[in-house]
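In: here is a sequence together with a model predicted from it:
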Amino acid sequence: MDDTFEQKMRLFEIMYNPRSIAVVGASTHTSKVGNFVLRSAISSKVETVYPIHAGGAKEILGYRAYRSIEAIPEDQVDLFLFAIPQNHILSAIRSAIKKGCKAAVIFSAGFRESGPEGEKDQIALRDLANAHGVNIIGPNTLGFFSTHSSLNATFMPVLSDYFKEEGNIAVVSQSGGVAGLIVSAFIENHLRIGTLTCLGNRANVEFSDMLRYLANDPKTKIVALFIEGLDDVRSFYEQARACATKKPVVVLGAGYTTAGQKVALSHTGSMASSEAIYKGAFKQARLFQVKTVQELVDTLKVLSYAPEPRGKKVALITHTAGPAILASDVLERGGLTLAELSAETKQVLRKEGMLPAFIPPQNPIDLATFGYMDKSIYVKIIKLLEKDPTVDC
């Protein structure tokens, strides 16, 4: 591994495990972003939180506040969270670097996605951060969250309430809005998050950087991606493929249509190119491709709880024929086949009275009215199918 890689990985370790946090733009108003960000930081397990309030507040939420970054009493603050207007970001980052900043979240919009002037500012921000070894999440981001270190660097303090236990799924999203949808679905499906990272405009942390880090992170077992557009598809492909050889990577892409590209460009300043190019890269990198947030979460749930299938031969259990037809179409389009049940399995299905007399013992297994009246039959049949050598999953 080269020195640049090692340095980048060390920065990620500091970013996800900071000793101290400064909240620049901390607010006394409970409805403002700066107040939400401060509450998130306070919910984190770090040694020190420094609220920075240019208006001169002495204390916010029980923490001593400081008028400026320069007034912070220590010279090594690992993580800075910026909830201030775009036109103050560059000068604030310079001040933060003098205080030892190694990672920063910039919630502010108005950079690359806003046009040429905003793009110039983002380039200046990137160059400044790279020159001083600072990881930037954003700008124009929700931030990031980790259950491993009990760290909340977002403007959603509620994440700390919902996700108290460690998880092994890393979610990397270009969009904070889509990340919110994924989080809601996680809550509904009782899934645990390991880390949630919203890249936003990707000043100097790209999907390829995240994939390289997560591939080597022992606490991450599954990676989920939401991508609106990539600037360097080749670099992404190389790191995605390398990561996918170690752990499952599930990807939801967007911005393929003319309308979608226009929205993506004004959202995070990114724009997907040909859908065929992206899907081809995802396939060659051996990623699991999904089409909706719900399918993404369903796939993550299966990967989290189910063992890896032995092969492509599938058994279906249903309560009526219609859903079995739909499922059969989906399976075949996905490259799977319906298993031919063994003679022994068919015999047990009939002998043990698991099926109505008018239903033949075959795959798909149609329980008809029995499936409505006695849900325990599903469990019995699943246990039976586990022993059938002709069924992979």
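Out: Looks like it came in fine. The shown structure was predicted, so the numbers you read here are calculated from the model rather than taken from an experiment.
In: name the element R234 belongs to?
Out: Using DSSP states H and E, R234 sits within helix 233-244.
In: I'd like the next helix or strand past that helix.
Out: Counting by DSSP H and E, the element after helix 233-244 in chain order, helix or strand, is strand 249-253.
In: what mean pLDDT does that following strand get?
Out: Average pLDDT, strand 249-253: 97.
In: got a list of contacts for it?
Out: 178, 211, 222-227, 240, 243, 272, 275, 278-279, 282, 285-293, 295-296, 299-300, 303 (Cβ atoms under 8 Å, 6 or more residues apart in numbering). Where C-beta positions appear, they are placed from N, C-alpha and C, glycine not excepted.
In: make a ChimeraX selection of the buried ones in these.
Out: Per 16 or more other Cβ atoms under 10 Å, the buried members of those correspond to this ChimeraX selection:
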select :178,211,222,223,224,225,226,227,240,243,272,278,282,285,287,288,290,293,296,299,300,303
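In: which ones among the contacts of strand 249-253 lie within helices?
Out: The helices, defined by DSSP state H, take in 178, 211, 240, 243, 275, 278-279, 282, 293, 295-296, 299-300, 303 from the contacts of strand 249-253.
In: flag the least confident of those.
Out: pLDDT across the ones in helices among the contacts of strand 249-253 is lowest for E275, at 82.
In: show me what contacts that one?
Out: E275 sits next to 253, 256 when contact means Cβ under 8 Å, 6+ apart.
In: before we move on, the earlier item: in the helix holding R234, which residues are buried?
Out: Residues of helix 233-244 classed as buried by neighbour count (16+ other Cβ under 10 Å): 233, 235-237, 239-241, 243-244.
In: any regions of the stretch 201-350 of the chain where pLDDT drops low?
Out: Within the stretch 201-350 of the chain, the stretches with pLDDT under 70 are 257-273.
In: how about 90 then?
Out: Within the stretch 201-350 of the chain, the ranges that satisfy pLDDT under 90 run 229, 255-279, 306-310, 318-324, 334.
In: show me where the stretch 51-200 of the chain has its strands.
Out: Under the criterion DSSP state E, counting those that start in this stretch, strands of the stretch 51-200 of the chain are mapped to 59-60, 63-64, 79-82, 103-106, 135-137, 143-146, 151-154, 169-173, 193-198.
In: about what we covered before: distance to V46 for the ones in helices among the contacts of strand 249-253 - can I get that in JSON lines?
Out: Shown next, in JSON lines, are these (distance: Cβ to Cβ, whole Å):
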{"residue": "V178", "distance to V46": "28"}
{"residue": "L211", "distance to V46": "26"}
{"residue": "A240", "distance to V46": "32"}
{"residue": "C243", "distance to V46": "28"}
{"residue": "E275", "distance to V46": "42"}
{"residue": "Y278", "distance to V46": "38"}
{"residue": "K279", "distance to V46": "41"}
{"residue": "F282", "distance to V46": "37"}
{"residue": "V293", "distance to V46": "31"}
{"residue": "E295", "distance to V46": "36"}
{"residue": "L296", "distance to V46": "31"}
{"residue": "T299", "distance to V46": "33"}
{"residue": "L300", "distance to V46": "28"}
{"residue": "L303", "distance to V46": "31"}
